[in-house]
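# Model the structure of this input:
(one chain, ligands or ions: 2)
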Amino acid sequence: MALNCGIVGLPNVGKSTIFSAVTSAPAEAANYPFCTIDPNIGIVAVPDHRLDEIARLIPSKKITPATVEFVDIAGLVKGASQGEGLGNRFLASIREVGVIAHVVRCFDNPDIVHVANKIDPASDIETINIELALADLETVQKRYDKIAKLSRISKEQQKENEKVLPIYERLIKCLEDGVPARTLGLDEDESALVYDLHLITLKPVIYVCNVDEDGITNDNEYVKTVRAIAEKENAPVVVICGKIESEIAALDTAEERQEFLEASGLTESGLNPLIRAA
Ligand SMILES: Nc1nc2c(ncn2[C@@H]2O[C@H](COP(=O)(O)OP(=O)(O)OP(=O)(O)O)[C@@H](O)[C@H]2O)c(=O)[nH]1
Ligand SMILES: [Mg+2]
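Ligands and ions are numbered 1, 2, ... in the order given. Take a look at the predicted model:
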């Protein structure tokens, strides 16, 4: 099965625009929050010049690149874990993916609605992280209560509990503060013990800064803020201009796309680093 990457973020930040450009699959993108309701799914080949080089040197009937499946998920808002906005049923879509691409709005444009009425990447990231942490908190707390309540258990189960309950306690403490579980830095054994909870905030995240045309070649202040947050989490950052990428994706030929890229001051599509990071 291909690795899959869920695109999450606040409503109207450009998730579907980026999804459509990445996957060349049509997804409705419009200037109003909660445009996307059902998740859109698309599969893309991972651009890898090494594969092109090998294919050139060793002629082969069939060349099969690695693929990534992208899932465009509905926008999350403050209170989503408690049913606000489109509510918590979308959390299920996020639970199913392997990697999260967190799209953050990093451009000014009074015409494009922002659900909080101001452009503030740090606050936007915090809002999403808190909702995802609260969703995970519910999952861990439920499991913890269930196990802690068991009265007659086997010796084996007892041993297992002694190992897992302290990890659940650490998770609960972290998630209660609205902090993603990945920041706990669980080791391999600990991660294996909690794997079956499928925690959203334990999944690796890529921060995707959606910038305007001027923001692709030079980091703007918003992007700098995102980079600082990502660095603390050891997460990669990809800077993309959703608007340009959707225009490029709409062009018919590779030559036209290359010309457009060069005219925009780019050497390759900003989508490639995203696909590779995923
Ligand atoms: N200026 C500018 N507008 C953009 C950019 N990316 C997206 N938009 C516009 O922002 C609006 C929202 O884009 P969508 O891709 O629908 O946003 P979304 O995050 O999928 O929104 P929901 O599905 O409602 O959560 C659309 O009108 C896009 O054309 C960008 O890089 N620059
Ligand atoms: Mg959308």
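# For ligand 2, what's the nearest residue on the stretch 151-278 of the chain?
When scored by C-beta to the ion, the stretch 151-278 of the chain has residue 242 as its residue closest to ligand 2, at 10.9 Å. Just so you know, the C-beta spots here come from the backbone N, C-alpha and C atoms, and that holds for glycine as well.
# Setting aside sequence neighbours, what's the nearest residue to the one residue in the stretch 51-200 of the chain that gets nearest to ligand 1?
As assessed by C-beta to the nearest ligand atom, ligand 1 sits closest to residue 75 within the stretch 51-200 of the chain, at 2.8 Å. In space, residue 75 comes closest to residue 11 once its chain neighbours are excluded; the distance is 2.9 Å by C-beta to C-beta, 6 or more residues apart in numbering.
# Same check on residue 100?
residue 205 (4.6 Å).
# What are the buried residues along the helix or strand in which residue 135 is found?
Using DSSP states H and E, residue 135 sits within helix 121-149. For helix 121-149, burial by neighbour count (16 or more other C-beta atoms under 10 Å) applies to 121, 124-125, 127-137, 139-140, 143-144.
# wouldn't residue 111 be in contact with residue 31 here?
Yes - here residue 111 reaches residue 31: they are 7.2 Å apart, a contact under C-beta atoms under 8 Å.
# How about the most centrally placed residue in the chain: which residues does it bridge to?
With distances taken as C-alpha atoms, centre = their mean, residue 101 lies nearest the centre of the chain, 1.9 Å away. Note on residue 101: beta-bridge partners by DSSP bridges are residue 7, residue 206.
# So for it, what pLDDT did the model give?
According to the prediction, residue 101 has pLDDT 96.
# ok, now which ones touch it?
Contacts for residue 101 (C-beta atoms under 8 Å, 6 or more residues apart in numbering) come out as 5-8, 70, 205-206, 208, 238, 274, 278.
# Ok, residue 35 next?
Contacts of residue 35 by C-beta under 8 Å, 6+ apart are 11-12, 16, 28-29.
# one more time with 6 Å, if that's ok
Applying C-beta atoms under 6 Å, 6 or more residues apart in numbering to residue 35 gives the contacts residue 28.
# could you say which helix or strand contains it?
Here residue 35 sits in a region with no helix or strand, counting by DSSP H and E.
# separation between it and ligand 2?
Using C-beta to the ion, to the nearest Å, residue 35 is found at 5 Å from ligand 2.
# Thank you kindly, that will do.
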